[in-house]
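With the input below, show me the fold.
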Amino acid sequence: MELLKMVIVDDEPITLKGLVQTYDWEQMGFQVAGFADNGERALSVIQNIHPQLVLTDIRMKEMTGLEMMEAAKQCGEEPIFVVISAYRDFEYAKKACEVGAFSYLVKPIDEEQLEEVMRAAYDKCQEKMKSEQERENFKRILMGDQHNYLQVMTQKYLQGSLNDEKMQEVRKILRREIRGTQRFICVCADIDISYKITDPLYYETERTCLFRYLEQIFADRYELQSMDMENGNHVFLLCTDTQGGVEDVKRILKEAAEKLKSPVVSAISGEHPGFLGMKKSFWQAVHFFETASEAGANAFTSDRQEEICEEQVSLSDMEKTIINAVRRNDHAQLKEAMVKFVYLLPEQKTGDNQKKYIHRLAVMVEFMLQDSYGLTKELEQNFQNLYSNLNQISMMKAIDICYKLFGQAVEERMRSAKSRDIAFFSDYMSKALAYIDENLHDETLSLTAVAAEVYLNPVYFGRVFKNTQNISFKQYLLEQRMELAKKLIVEGKDSISVICEKVGIPNRSYFSQVFKQHTGMLPSEYKKEHEV
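Numbers count the residues shown, from 1 in each chain. Presented below is the predicted three-dimensional model:
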């Protein structure tokens, strides 16, 4: 399922965070690309992100949901709007639907209704996107922007979102059919990724210069398409009617590295004829480039064995698994993935080549941590120490250090999440604890009831409660009731039956059982033990 972008808007911070984090939006076909705590900021977010859907509260202080919808349309933004309203705002929500909102949800949100509305909205978004794409396609053709249009469609084709039949149809419409004599060569080129760590400004500057230089040279010799792919690679797809192009491309890349004095890493496919040769050359160059980047080589060309590429795909999958384990703070999955990663490493007598895979893995994990929370100054320095000393330590030591370093990152992420929850929810937890204390006598007191009192989703409230109080809601409630029971028993003013009522456990037999489990004594024994 293709995930569509959505923006969530609510001027109540606690409700906003609950909406962002509580629900499994991806299961419904969406990813939260942005959020805002008032209508004006939401308008700015919408203009920057261009989401397919906006989920918004209808009644907000500075700018209402209706006003935001109208302002977005005036700015040329036309996402699908789903509005949220309280019961008292029902008529207001109906009006929003009349002026363009797709649907509305009533607080508190029913999860089944939410899923039904979001799935219908997803289908509507897909229908709208398809219609808009068709209009845009014809618009680009009519405007004569054939080169850019072909480049966009080729990129979609190479990444798998456009099939062979559709790609051939596009070329036929543009009168750019591929002749049997035409041959494709694909080039992946970039600056050594290690410079992204040591000197980011140098990395970005040199990268821009390299791409501009190669585009100019290749365009003079070949039919060129230059594209940034989703995985971050930049590829140059070259089309020619003559053979011998690979050697010419090798020479151009060598001259580029010498002229720009840049640490260029590159990979070149073989020459492949006809329409099918376009995709074959692309995947060959991408696979070789992964090998070149990981091994630190200057270039890999089509005389390399295909088995190398297949091996790298397995290692790449395991790298993603390790990164996801750190992202999810999952110690168990991290350990399992690290073991599998080690077994996938190619056998080497000295271990030197294996260390390059370890270095690449550490760099990718560090990048992920930089883009999220969890990379402290101490951790950052530890990563740098690993890179500096990698050549001086044994292979097994490098793996052990890497695993410990990733484990430290997991611990730091968990501490950061907990500290943020404690800070953010301190006021709300104070209200929740006070409400529990005041209603211990209510035998129906539950997590759902307390969550409703502080306007939080029950599942989300239960998780936050445990993170901030270091105890589950159920255990906390029982302990508070037992503490109150002990106090009342020692005071001796009430009978056991009355005490049972005051602590919300009216069944005397069950109360005695729970009390003994908690204190090791029956209520009568506890009273006798604490008599003055």
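
Residue ranges in this structure under the pLDDT threshold?
Within the chain, the stretches with pLDDT under 70 are 87-90, 93, 138-145, 193-200, 231, 291-314, 348-353, 372-374, 416-426, 532.

which residues of the stretch 401-532 of the chain fall in helices?
426-438, 447-453, 458-469, 473-491, 496-502, 508-519, 523-529 (DSSP state H, counting those that start in this stretch).

Need the residues that contact the last one.
Same thing as helix 523-529. With contact meaning C-beta atoms under 8 Å, 6 or more residues apart in numbering, helix 523-529 is reached by 485-486, 489-490, 492, 496, 499, 511-512, 515, 519, 521. All C-beta atoms are positioned from the backbone trio N, CA, C, and that covers glycine.

Now render the residues you listed as TSV, adding neighbour count.
What follows is the contacts of helix 523-529, written out as TSV (neighbours: other C-beta atoms under 10 Å):
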residue	neighbour count
Ala485	25
Lys486	19
Ile489	20
Val490	14
Gly492	11
Ile496	18
Ile499	22
Phe511	22
Ser512	16
Phe515	25
Thr519	16
Met521	14
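
can you redo those as TSV with distance to Asp10?
Below are the contacts of helix 523-529 laid out as TSV (distance: C-beta to C-beta, whole Å):
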residue	distance to Asp10
Ala485	41
Lys486	43
Ile489	46
Val490	47
Gly492	51
Ile496	48
Ile499	43
Phe511	42
Ser512	47
Phe515	44
Thr519	45
Met521	50
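
Give me the number of neighbouring residues for Ser430.
Residues near Ser430, counting by other C-beta atoms under 10 Å, number 11.

Could you measure from it over to Thr181?
77 Å (C-beta to C-beta, to the nearest Å).

Need phi/psi at the residue lying closest to Met414 once chain neighbours are set aside.
Nearest non-adjacent residue to Met414, counting by C-beta to C-beta, 6 or more residues apart in numbering: Asn329, 5.1 Å away. Dihedral angles of Asn329 (phi, psi; degrees, to the nearest 10) stand at phi 60, psi 40.

these two touch, right, Asn329 and Gly407?
No - between Asn329 and Gly407 there is no contact under C-beta atoms under 8 Å: 10.3 Å.

residues contacting Lys177?
Quick fix: residue 177 is Glu, not Lys. Per C-beta under 8 Å, 6+ apart, neighbours of Glu177: 168, 171.

quick one: it is in a strand?
No - read with DSSP: H, G, I helix; E, B strand; the rest coil, Glu177 is coil and lies in no strand.

Surely Arg183 touches Gly270?
No - in this structure, Arg183 is not within contact of Gly270 by C-beta under 8 Å, at 9.4 Å.

who's more crowded, these two?
Arg183 (24 against 20).

what's the more buried one sitting at in phi/psi?
phi -130, psi 150.

cool, and Asp228?
The phi/psi pair for Asp228 (degrees, to the nearest 10) is phi -90, psi 120.

can you tell me which residues contact the residue nearest to it when sequence neighbours are not counted?
With C-beta to C-beta, 6+ apart as the criterion, Asp228 has its nearest non-adjacent residue at 5.5 Å, and that residue is His234. With contact set as C-beta under 8 Å, 6+ apart, His234 has these partners: 188-190, 211, 226-228.

for the chain, what's the longest helix?
helix 111-142 (DSSP state H).

what helices or strands is that helix leaning on?
Under the contact criterion of 3 or more C-beta pairs under 8 Å, 6 or more residues apart in numbering; DSSP states H and E, helix 111-142 touches strand 4-9, strand 80-85, strand 103-106, helix 146-158.

Can you name the next helix or strand after the first one?
Beyond strand 4-9 on the C-terminal side, the first helix or strand identified by DSSP states H and E is helix 13-22.

Name the residues that touch the next helix-or-strand element following that next one?
Moving toward the C-terminus from helix 13-22, the first helix or strand encountered (DSSP H and E) is strand 30-36. Defining contact as C-beta under 8 Å, 6+ apart, one finds that strand 30-36 is touched by 3-9, 16, 19-20, 25, 42, 44-46, 48-49, 51-53, 118, 122.

Could you rerun that using 7 Å?
By C-beta atoms under 7 Å, 6 or more residues apart in numbering, the surrounding residues in contact with strand 30-36 are 3-9, 16, 20, 25, 42, 45, 49, 51, 53, 118, 122.

now stretch 107-119
23, 28, 30, 82, 84-86, 103, 105.

mind redoing it with 6 Å?
Outside stretch 107-119, the residues within contact range by C-beta atoms under 6 Å, 6 or more residues apart in numbering are 28, 86, 103.

circling back: for PyMOL, write the selection for the buried entries among the contacts of His234.
What follows is the PyMOL syntax for the buried subset of the contacts of His234, where burial is set by 16 or more other C-beta atoms under 10 Å:
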select buried, resi 188+189+190+211+226+227
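
Among the contacts of His234, which ones are in helices?
Those of these lying in helices (DSSP H): Phe211.

Between the contacts of His234, which sits nearest Ala325?
Asp190 (26.8 Å; C-beta to C-beta).

coming back round to it: let's have the helices of the stretch 401-532 of the chain in a markdown table, adding distance to Ile217.
Below are the helices of the stretch 401-532 of the chain laid out as a markdown table (distance: least, C-beta to C-beta, whole Å):
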| stretch | distance to Ile217 |
| --- | --- |
| helix 426-438 | 61 |
| helix 447-453 | 63 |
| helix 458-469 | 56 |
| helix 473-491 | 66 |
| helix 496-502 | 86 |
| helix 508-519 | 80 |
| helix 523-529 | 89 |
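
For Leu276, find the nearest of these.
That would be helix 458-469 among the helices of the stretch 401-532 of the chain, by C-beta to C-beta, at 50.2 Å.

so what does that closest one touch, helix or strand wise?
For helix 458-469, the packing partners by 3 or more C-beta pairs under 6 Å, 6 or more residues apart in numbering; DSSP states H and E come out as helix 395-424, helix 447-453.
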